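J.: how does the following fold in three dimensions:
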Amino acid sequence: MVFTHDTTASLLAAVELVNSAVEPDTLTGPWLDDFYARHRYTGSHAGDARELDAVRALRTLLRRLLTSDRDAAVDLVNEVLAAHRAVPRLVRHDGLDYHIHVVHPDTPLADRIAAETAMAMIDVIRSDEMSRLSVCADEACDGLVLDLSRNRSRRYCSTTCGNRIAVAAYRARRR
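T.: Below you'll find the predicted structure:
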């Protein structure tokens, strides 16, 4: 495994959230409820329009953070952690062993996502693994890729993009 469980979980959630903005935009109230449950977030989840708007707005910052070069990512991480007054603490819940939470459980969901993503990026930056994050190799797609494979072979944000490229290449060879 490249990263700890909580780092991997935060990165997967952040990439999924950023990719929800790729057309067609899938971030709706029900999607956010599923996202919250799927990524095992804890703490407050209002489920209202205000929270949805805040999470939608967060995607731009997360995209910038996840696609920055290493030095720019450091600046963004420091800004996010300072803005959210992140105070790391170890917690254990829902069958998960000790892992880090950095904001109070009552903190709004968008702020928790931002702070937890910044904490995850600390591990990425410190281990000099920024190449694990990239933009989809499908030129028609703007999705992000989190490559956790050993040989760093993941190039597409989804199976859909990979299949689309493979089919196009097959058709081109058949002509």
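J.: ok, the host helix or strand of Asp97: who's next to it in the sheet?
T.: Counting by DSSP states H and E, the element that carries Asp97 is strand 96-101. When pairing is defined by DSSP bridges, strand 96-101 lines up against strand 89-93 (antiparallel).
J.: now the partner strand - C-alpha only, CSV.
T.: Listed in CSV are the C-alpha atoms of strand 89-93, where the atom choice follows Å, rounded to 0.1, in the frame of the first residue of the first chain:
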residue,chain,number,x,y,z
ARG,A,89,-6.3,14.2,16.7
LEU,A,90,-6.5,10.4,16.6
VAL,A,91,-10.0,8.9,16.6
ARG,A,92,-11.4,5.4,16.2
HIS,A,93,-15.0,4.8,15.0
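J.: what are the buried residues along the strand holding Asp97?
T.: Of all the residues in strand 96-101, those buried under the rule 16 or more other CB atoms under 10 Å are His99, Ile100, His101. Yep, even glycine has a C-beta here, placed from its N, CA and C like the rest.
J.: repeat for stretch 62-75
T.: Residues of stretch 62-75 classed as buried under the neighbour-count rule (16+ other CB under 10 Å) are Leu62, Arg63, Leu65, Leu66, Ser68, Ala73.
J.: and the last one, what element?
T.: Taking DSSP H and E as the criterion, the element that holds Ala73 is helix 70-83.
J.: quick one: secondary structure of Trp31?
T.: Reduced to three states with DSSP: H, G, I helix; E, B strand; the rest coil, the structure at Trp31 is helix.
J.: would you mind measuring from it to Ala82?
T.: To Ala82, Trp31 is 30 Å away according to CB to CB, to the nearest Å.
J.: of the two, which one has the most company?
T.: Legend: neighbour count by other CB atoms under 10 Å for Trp31 and Ala82, higher for Trp31 (17 against 10).
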